[in-house]
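K.L.:
turn this into a model:
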Amino acid sequence: MSKADPAHKERRPTPSENDETVIDTETALDLLSDDHARRLLDELDGNPLSATELAERTDSSRATVYRRLDSLEDAGLVRSAMSVRADGHHRQRYHVAVDRVRLEFDSDGLAIEASDHVERDRNIDPPLHS
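P.N.:
Here you go, the predicted structure:
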């Protein structure tokens, strides 16, 4: 099987385009208070993994892992990228998308702001356009 065509790779935002991300406060607090979600974030910190690898490392079912990953990805805390192995097999790998989450209290109420400086320092296979 031939290597993926670089022209079909999805463009990733540069750090300056995506440094500060405001995420849904209620969703983020729910996820950060969830034991399973926090365990996944701990495992993914600095270490992109597949859902199967996460299930094995956390002794969780794949269904539970996929549900939490979907929620974490929807909240902007986790991102995924398609990885192509040398033998041509594809797999989705997940990584933490933010390096800092800040809770802010102001006249508008409670807000969570996430700093997104992680990707420039990580060695992650770039996602492929599907």
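K.L.:
which residue lies nearest the spatial centre of this protein?
P.N.:
residue 78 (1.8 Å; C-alpha atoms, centre = their mean).
K.L.:
where do the helices sit along this protein?
P.N.:
Secondary structure of the chain by DSSP state H: the helices cover 25-32, 35-44, 51-58, 62-74.
K.L.:
now for the residue nearest to the centre of the chain: which residues touch it?
P.N.:
40-41, 44, 69, 72, 94-97 (C-beta atoms under 8 Å, 6 or more residues apart in numbering). Yep, even glycine has a C-beta here, placed from its N, CA and C like the rest.
K.L.:
what's the burial count for residue 44?
P.N.:
Residues lying near residue 44 (other C-beta atoms under 10 Å) number 23.
K.L.:
of the helices of the chain, which approaches residue 89 most closely?
P.N.:
helix 51-58 (12.3 Å; C-beta to C-beta).
K.L.:
lowest mean pLDDT across the helices of the chain, which one is that?
P.N.:
Of all these, helix 25-32 carries the lowest average pLDDT, namely a mean of 85.
K.L.:
that helix vs helix 62-74, what angle?
P.N.:
140 degrees (axes from the mean of the first three to the mean of the last three C-alpha atoms, to 10 degrees).
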